[in-house]
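> pasting the sequence and the predicted model now:
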Amino acid sequence: MLSRVFASAVLGVEARTIGIEVNVDIGIGYHLVGLPDNAIKESNYRIAAALQNNGYKIPGKKITINLFPADLRKEGSAYDLTLATGILVASGQIQPVLSLDSYMIMGELSLDGSVQPIKGALPIALNARKMGFTGFILPRANAQEAAIVEGLHVYGVNNLEEVVGLMQGKGSVQREVVDLEKTFYEEQKEHDFDFSEVRGQETIKRCMEVAAAGGHNIILIGPPGSGKTMLARRLPSILPPMTLSEALETTKIHSVVGKISSSGVITQRPFRSPHHTISDVALVGGGSYPQPGEISLSHNGVLFLDELPEFKRGVLEVMRQPLEDREVTISRARFTVSYPCSFMLVASMNPSPAGYFIDGDSKGMNSPNEVRRYLGKISGPLLDRIDLHVEVTPVPFEKLAETRKGEESAVIRKRVVAARALQTQRLKKEQGVHYNAQMNTRHIRKYCSLSPESQRLLKSAMDRLNLSARAYDRILKVSRTIADLAHSDTIQGDHIAEAIQYRSLDREGWLA
């Protein structure tokens, strides 16, 4: 007897329908075809034990299982429940009242028949709706995640017996229902970190506000204990709240790697802080079976690289193209996958190997040549993609001892949201450009025009401070953001002057 059930394979952040045909015929043997990996080949042992422990059995006949399309490699243990259901139906052990052609079934089986969570439940659910499936049967732990897809009947099950009961129209398994908008807005809670907890550092907080308002990448340069990490961790608290579409896009990526909260949807902007020993594959994604890397897990959020020169140079260099394209493409012989990676890069570093500026008073001071070698670990093309270079100095005791709280993140966020709204309105006719950091040279020439007076000021500053040519566009983009924060339609001289202050590493003689 022949049965056909359906599942899905996740490629990148999208899913593709997989059909599974099970044929039980006269003879002996268990044959699995259609490019399964080792985890699927081993599934017959898990399935046999699960069926045996729930009052069913693997038929003592010839079982042929075909996974189609046959030229697409299938991987993982999430097909266990699909295969088990197909075997039960093909061998006549259950008579389903549900139409198997209308339901997608996925889950990993334990030997006692319990169903374990899977990865990629959200993209699979989206694909099921797109392909016209009525419902999706999957592990209870993934039910809320899949149920945020409207128009799809989602059933979360705990074990094989519940699946059989559901197939036969019995049992007590209820459809999982989630009000996406209600869940999304209820889960938008206060951040764990707030800028009001930061003592002093008013200039740096202003710089972080500018970075958040324009989506600019930023590098913080200062000695140990000056507050670089503390400031970076508070940046998400002043970024604009996620929109529902951003939340779904971010949730899809985290779903693929199995990192989803109990509510099923990510409502806070991600903050990722990988260790400096990370490999290039772990950072940008890839592997034998490609998975998203840290830059994709930071999508719509912040990627924080602490102690930037300690990262391997090759690891940092692979970020150059994703920073520009806001997408990373992983190519293999048989397939190519793409992951979105539109994130804010926040980096921090010491000004020298000893950790201090060259000011003549610091203990353990390095020579200028040692400092140049240290800074030389970061390539010019990578620095060229960072708009703001800011020096962070230690906070004096008087500021640390203050009991008065600083400005709260909620207040700063209001100004950031207002500035972003101006940018969105200005750039609404530009495809894929929503805020100032995304502007290219053409956009800069169009939207960042300067008055003759401002042009003279910028030229004078670049000549006097020996700023590099690559700093020119960056200064214009940042000054446009500063003007937006001031609700100014035009870029004024004071906006240019402030933007110039945020290019420390471009100044000739900065090490002196």
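Yep, it's here.
> secondary structure element for I94?
Using DSSP states H and E, I94 falls within no helix or strand.
> hmm, L375 is touching P309, no?
Yes. Proximity of L375 to P309 meets the contact threshold set by CB atoms under 8 Å, at 7.1 Å. Yep, even glycine has a C-beta here, placed from its N, CA and C like the rest.
> where is the longest strand in this protein?
Counting residues, the longest strand in the chain under DSSP state E turns out to be strand 14-25.
> report all helices and strands that that one contacts.
Contact partners of strand 14-25 among helices and strands, from 3 or more CB pairs under 8 Å, 6 or more residues apart in numbering; DSSP states H and E: strand 2-11, strand 62-68, helix 80-90, helix 121-130.
> and that strand, C-alpha only, in CSV?
C-alpha atoms of strand 14-25 as CSV (Å, rounded to 0.1, in the frame of the first residue of the first chain):
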residue,chain,number,x,y,z
GLU,A,14,13.1,30.0,3.3
ALA,A,15,11.5,26.6,3.3
ARG,A,16,10.7,24.2,0.4
THR,A,17,8.1,21.5,0.4
ILE,A,18,9.3,17.9,0.7
GLY,A,19,7.0,15.0,-0.3
ILE,A,20,7.5,11.6,1.4
GLU,A,21,6.1,8.5,-0.3
VAL,A,22,6.0,5.3,1.7
ASN,A,23,5.3,2.0,-0.1
VAL,A,24,4.8,-1.3,1.8
ASP,A,25,5.0,-4.4,-0.4
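> okay, the angle between it and strand 62-68?
160 degrees (axes from the mean of the first three to the mean of the last three CA atoms, to 10 degrees).
> buried stuff in strand 14-25?
E14, A15, T17, I18, I20, E21, V22, N23, V24 (16 or more other CB atoms under 10 Å).
> is I378 in contact with L308, as I believe?
Yes. The criterion here is CB under 8 Å, and I378 meets it with L308 at 6.1 Å.
> between these two, which contacts overlap?
Here I378 and L308 have L316, M349 as joint contacts, going by CB atoms under 8 Å, 6 or more residues apart in numbering.
> next, the angle from whichever helix or strand comes after the longest strand of the chain to helix 80-90.
Using DSSP H and E, the helix or strand that follows strand 14-25 in sequence is strand 29-33. Put simply, strand 29-33 runs at 130 degrees to helix 80-90, going by the same axes, to 10 degrees.
> quick one: list the elements packing against strand 29-33.
Strand 29-33 is packed against strand 62-68, with contacts defined by 3+ CB pairs under 8 Å, 6+ apart.
> assign G55 to helix, strand or coil.
Using DSSP: H, G, I helix; E, B strand; the rest coil, the three-state assignment for G55 comes out as coil.
> ditto for S261
coil.
> how far away is it from I148?
As judged by CB to CB, to the nearest Å, S261 and I148 stand 12 Å apart.
> those two: who's more crowded?
The residue with more neighbours, out of S261 and I148, is I148; 25 against 14, by other CB atoms under 10 Å.
> residue contacts, the nearest residue to that one once chain neighbours are set aside?
Spatial nearest neighbour of I148, chain neighbours left out: L180 (4.7 Å); criterion: CB to CB, 6 or more residues apart in numbering. Neighbouring residues of L180 by CB under 8 Å, 6+ apart: I148, E150, L244, V265.
> go through the chain and flag its longest helix.
helix 409-426 (DSSP state H).
> residues touching L220, list them.
I204, K228, L231, A232, V346, A347, S348, M349, V390, V392.
> wouldn't the third one be in contact with E197 here?
In this case it means L231. No. Taking contacts as CB under 8 Å, L231 lies outside contact range of E197: 10.6 Å.
> least trustworthy helix or strand in the protein by mean pLDDT?
helix 397-400 (a mean of 73; mean pLDDT, DSSP states H and E).
> how about residues contacting it?
R199, G200.
> kindly export stretch 283-302 (C-alpha atoms) in CSV.
Taking C-alpha atoms only, stretch 283-302 is exported to CSV below (Å, rounded to 0.1, in the frame of the first residue of the first chain):
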residue,chain,number,x,y,z
LEU,A,283,30.6,35.2,12.1
VAL,A,284,29.1,35.4,8.5
GLY,A,285,27.5,32.0,8.3
GLY,A,286,28.2,28.9,6.3
GLY,A,287,29.3,25.3,7.0
SER,A,288,28.7,22.0,5.3
TYR,A,289,25.0,22.6,5.9
PRO,A,290,24.9,26.4,5.8
GLN,A,291,23.5,28.2,8.9
PRO,A,292,23.2,31.9,9.7
GLY,A,293,26.1,33.5,11.4
GLU,A,294,26.3,36.2,14.0
ILE,A,295,25.9,39.0,11.5
SER,A,296,22.6,37.5,10.4
LEU,A,297,21.5,36.9,14.0
SER,A,298,22.1,40.6,14.5
HIS,A,299,19.7,41.5,11.6
ASN,A,300,17.7,44.6,12.5
GLY,A,301,19.8,45.0,15.7
VAL,A,302,23.3,45.5,16.9
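> this completes my enquiry, with thanks.
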